[in-house]
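Undergrad: Below are the sequence and a predicted model for it; my questions follow.
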Amino acid sequence: MSLKDEYINFYKENKSEVLILSFSFICFFVLSLFRFPKLDEALYLKETSFIAAKLANFEWIGSEVVGTHGFFNKVFVALLFLVTGPSVIVATIFSIITIIASGFLFLKILKYLGFSKEARIISLILLLFNYQTLQAATTFLREGYALFAFLLFVYWVFKKASPLLVGLALVLILDTREHIFYQISIGYVLWIFYFNFDRKNKGSSFLSFCKIIFKTYLLPIIYLLVSFFTPLFPFNEYNTYVIKLLLSDFGIITNQNGMHFLALGNLESTEGFVQNMWMTKAAGKYAWLQKIMFSPYTKIFYPRFFSYQGLPKVLGFVALIGSFFYINKKSKNNDSLFKEKLFILFVFWSYFITFYLQWGHGRYYFVITPLFLIFSVNYLLDRTKVKKSLYVAFVFLITIGLMYEVNYLLPKMTMSFLAMLLFFIAKKYQSQNLARYFCMTISLFSLGTYVMAQWNLSYGQLINSHKWGYFLEGDAISQFIRDNVGEKNSVLLNDSKFRDSLAFYEQAPCNVGIRGIGLFNFLPEYKWKKRYNCPYDMIYRTEKPEDKIKNYNNFVWIISKIPGEKFKNEELKQWFSEKPQSFSLLAKREFKNKEVFIYQRTTR
């Protein structure tokens, strides 16, 4: 059967699913019309734009530091930039396509696992309208590409593809999110051993196991060695971080900056880590309670582990419980494909346990969200009755989890208990309709949470795009600056947030260096040789503005026109105005809710 015929048959058999995928594409595209550069995404966009500039000059980028957070996904988009020029919408559409393709692969996997049409539709909706999915589809983060690579890996394993092809999927995973590669490899290798083990012929089965592992991991190992020792592929410094971890004592990693959660074993540094309306900093006889509540051992309850900004608790805990019933059900039914289907259980638990022992948040386990959904939906629609003790345990887990929430507590409580009620009734009366309502309720609330977050939070794309223009109007501001300052002259900006959008459109080499060749240069610490100077600089917190200004001749100060909202260092504009003998105003222009002033030094 040709590929065209396969797609035609897929459409005929899955019209409802295709309709959901099509609606999702439209929904994602509409949300992508409101864009704002932030954090990691801004870095990926700058690197992709820089790669496109190098490729346009027929220069390879193997020695450039552009592989730290994935390389192949950036190259795909950089090739498109050769035709379109730097375009945020092109990069975002690439993310949307990877999510839709992931949805297609997810459906194929569900069908292989024997899910009914109803179960496939429910699972697909839960995946596509998950908070992290919406974020991955409407930004140029690497999660969408990583999800596609992971599902491709699972699909090829189920299709009994050649080990080299499975290894190719692992290379894509290793490239885009290296920690996923190491985490799932534990479960995959154990499953391969289990699948090939034969008590009657141990020697032959072990040899078969070694052959499969060698063939599967040949391409990932070649990719690592080539990126370590040659300039053919850009180097990912985090691979040396993992190697250093494997060669060191267990549990050495901690992160106490408030953005991620701690590694197992560091209780003292968690004191007062979480503050909310339920638990405040305790003292005296209740101090032990706080230490227990806020220790790394309880991180499963933290909002950035299971929440409506990731995988909702009501699904996360159902999946954890359902994974055990998945084993029991398959065992009792003597499923002929039991060993093969057990593959996702090995991968799920190896990833979940290693994630639990390390620091991380919703984006870090987003990739295995499909496995959470497989277990939760399978358990939800399973007609076996649930013991009362499991109901009690479920309510306990959800209630404890709510005690860690830091904001919007009332709507989260309402939705959680409503979802629990629907779940309990659906299980008790074996109601497919109530099961459907349970999943739709969660999906709608996740969608609502995403839209409200993007409108209300300070970094939200919807609110910032509405206030300051699409991607901060970086294209127009960049053109305005270069028309007045010149193409190659460096500029000092007052606010760092504009640096990302300006550097993207100018394809400037900001945050790009060059590496030496050799693995052991990077094991002690990661230090890159600086090769390029970014045309845009800013005043850092530790620097005195006067000292930084002395080093530049061109200055761009962007002033907010919204009362009560200011950009960084706005007040220093007065400093230029008060020294007309040293600085002159070259140009000024109004943009959406902001005004851009360009000053130039006249005398020193």
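TA: That came through fine. Residues are numbered from 1 along each chain as shown.
Undergrad: From here on, just use CA atoms for contacts and neighbour counts.
TA: Noted.
Undergrad: So for Asn494, what's the pLDDT?
TA: The model reports Asn494 with a pLDDT of 83.
Undergrad: shaky segments in the stretch 501-604 of the chain?
TA: 509-533, 541-542, 604 (pLDDT under 70).
Undergrad: make it 80
TA: Residue ranges of the stretch 501-604 of the chain with pLDDT under 80: 508-534, 538-547, 580, 603-604.
Undergrad: check contacts around Gln600.
TA: Contacts for Gln600 (Cα atoms under 8 Å, 6 or more residues apart in numbering) come out as Asn553, Asn554, Phe555, Phe583, Ser584, Leu585, Leu586.
Undergrad: Quick one: mean pLDDT over the helix or strand harbouring Ile96.
TA: When elements are defined using DSSP states H and E, Ile96 is found to belong to helix 88-112. Per-region confidence: helix 88-112 scores 94 on mean pLDDT.
Undergrad: Kindly report the same for stretch 372-391.
TA: When pLDDT is averaged along stretch 372-391, the result is 77.
Undergrad: which SS class is Asn378?
TA: The local conformation at Asn378, judged by DSSP: H, G, I helix; E, B strand; the rest coil, is helix.
Undergrad: buried residues in the helix or strand containing Val18?
TA: Per DSSP H and E: Val18 is located in helix 15-31. Buried residues in helix 15-31, defined by neighbour count with 16 or more other Cα atoms under 10 Å: Glu17, Val18, Ile20, Leu21, Ser24, Phe25, Cys27, Phe28, Phe29, Leu31.
Undergrad: Now do that helix: everything it contacts.
TA: Taking contacts as Cα under 8 Å, 6+ apart, the residues outside helix 15-31 that touch it are 11, 93, 96-97, 100, 103, 121, 124-125, 128, 134, 137-138, 462.
Undergrad: Considering those, which possesses the most neighbours?
TA: Ala137 (30 neighbours; other Cα atoms under 10 Å).
Undergrad: now the helix or strand following the helix holding Ile96 against helix 88-112, angle please.
TA: Read in the C-terminal direction, the helix or strand following helix 88-112 is helix 117-128, with elements assigned using DSSP H and E. With axes from the mean of the first three to the mean of the last three Cα atoms, to 10 degrees as the criterion, the two stretches helix 117-128 and helix 88-112 enclose an angle of 150 degrees.
Undergrad: what packs against helix 117-128?
TA: Using 3 or more Cα pairs under 8 Å, 6 or more residues apart in numbering; DSSP states H and E as the contact criterion, the elements in contact with helix 117-128 are helix 15-31, helix 88-112, helix 369-381, helix 432-456.
Undergrad: Next one: Trp191 relative to Ile184, how far apart?
TA: Taking Cα to Cα, to the nearest Å as the measure, Trp191 falls 11 Å from Ile184.
Undergrad: out of those two, which sits in the busier spot?
TA: Set side by side, Trp191 and Ile184 show unequal neighbour counts under other Cα under 10 Å, the larger going to Ile184 at 23 against 20.
Undergrad: Contacts only, for the more buried one.
TA: Ile184 makes contact with Val347, Phe348, Ser350, Tyr351 under the criterion Cα under 8 Å, 6+ apart.
Undergrad: Now Ile598. Its backbone dihedrals?
TA: Here is the backbone geometry of Ile598 (degrees, to the nearest 10): phi -110, psi 120.
Undergrad: Show me what it bridges to in the sheet.
TA: In this structure, Ile598 has beta-bridge partners Val556, Ala587, where bridges are defined by DSSP bridges.
Undergrad: Surely Thr176 and Val66 touch.
TA: No - counting by Cα atoms under 8 Å, Thr176 sits too far from Val66 to count as a contact (11.7 Å).
Undergrad: show me where the protein has strands.
TA: Assigned by DSSP state E, the strands in the chain fall at 491-493, 513-514, 529-530, 536-538, 554-560, 583-591, 594-601.
Undergrad: Quick one: closest of the ones you listed to Ile321.
TA: Shortest distance between Ile321 and the strands of the chain, using Cα to Cα, is found for strand 513-514: 47.3 Å.
Undergrad: In this protein, where's the longest helix?
TA: In the chain, assigned by DSSP state H, the helix with the most residues is helix 202-229.
Undergrad: mean confidence score for it?
TA: pLDDT averaged over helix 202-229 equals 86, rounded to a whole number.
Undergrad: now do stretch 466-486
TA: 90.
Undergrad: Pull out the buried positions in that stretch.
TA: Of the residues in stretch 466-486, those with enough neighbours to count as buried (16+ other Cα under 10 Å) are 466, 468-475, 477-481, 485.
Undergrad: quick one: terminal-to-terminal distance for it?
TA: One end of stretch 466-486 to the other measures 30 Å (Cα to Cα).
Undergrad: Likewise for stretch 349-365?
TA: Chord length of stretch 349-365, first to last residue, is 12 Å (Cα to Cα).
Undergrad: and that stretch, how far out from the chain's middle?
TA: With Cα atoms, centre = their mean, to the nearest Å as the basis, the distance from the averaged C-alpha position of stretch 349-365 to the chain average is 13 Å.
Undergrad: One more: stretch 60-70?
TA: Going by Cα atoms, centre = their mean, where stretch 60-70 is centred and where its chain is centred differ by 19 Å.
Undergrad: where exactly do the helices run in the stretch 451-600 of the chain?
TA: With DSSP state H, counting those that start in this stretch applied, the stretch 451-600 of the chain shows helices at 461-468, 474-485, 497-506, 545-549, 573-577, listed in chain order.
Undergrad: actually the stretch 301-450 of the chain, not the one I wrote
TA: Taking DSSP H, counting those that start in this stretch as the criterion, the stretch 301-450 of the chain carries its helices at 313-332, 338-357, 362-365, 369-381, 388-402, 409-429, 432-456.
Undergrad: Would you mind finding the most buried of those?
TA: Neighbour counts (mean count of other Cα atoms under 10 Å) averaged over each of those peak at helix 369-381, with a mean of 23.
Undergrad: Of the contacts of helix 15-31, which pair is most distant in space?
TA: The most widely separated members of those are Tyr11 and Leu462, with 33.9 Å between them, by Cα to Cα.
Undergrad: Can you point out the buried residues in stretch 111-119?
TA: Buried positions in stretch 111-119, judged by neighbour count with 16+ other Cα under 10 Å: Phe115, Lys117, Ala119.
Undergrad: Measure how far it is from the centre of its chain, please.
TA: Taking Cα atoms, centre = their mean, the mean C-alpha location of stretch 111-119 is offset from the chain mean by 27 Å.
Undergrad: again with stretch 166-178
TA: From the chain centre to the centre of stretch 166-178 is a distance of 15 Å (Cα atoms, centre = their mean).
Undergrad: Averaged pLDDT, that stretch. What do you get?
TA: The average of the pLDDT scores along stretch 166-178 is 93.
Undergrad: about what we covered before: dump the strands of the chain to CSV, plus distance to Lys313.
TA: Written out in CSV, the entries for these read as follows (distance: least, Cα to Cα, whole Å):
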stretch, distance to Lys313
strand 491-493, 43
strand 513-514, 42
strand 529-530, 45
strand 536-538, 41
strand 554-560, 40
strand 583-591, 43
strand 594-601, 41
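Undergrad: closest to Val314 out of those?
TA: Smallest distance to Val314 across the strands of the chain (Cα to Cα): 42.3 Å, for strand 554-560.
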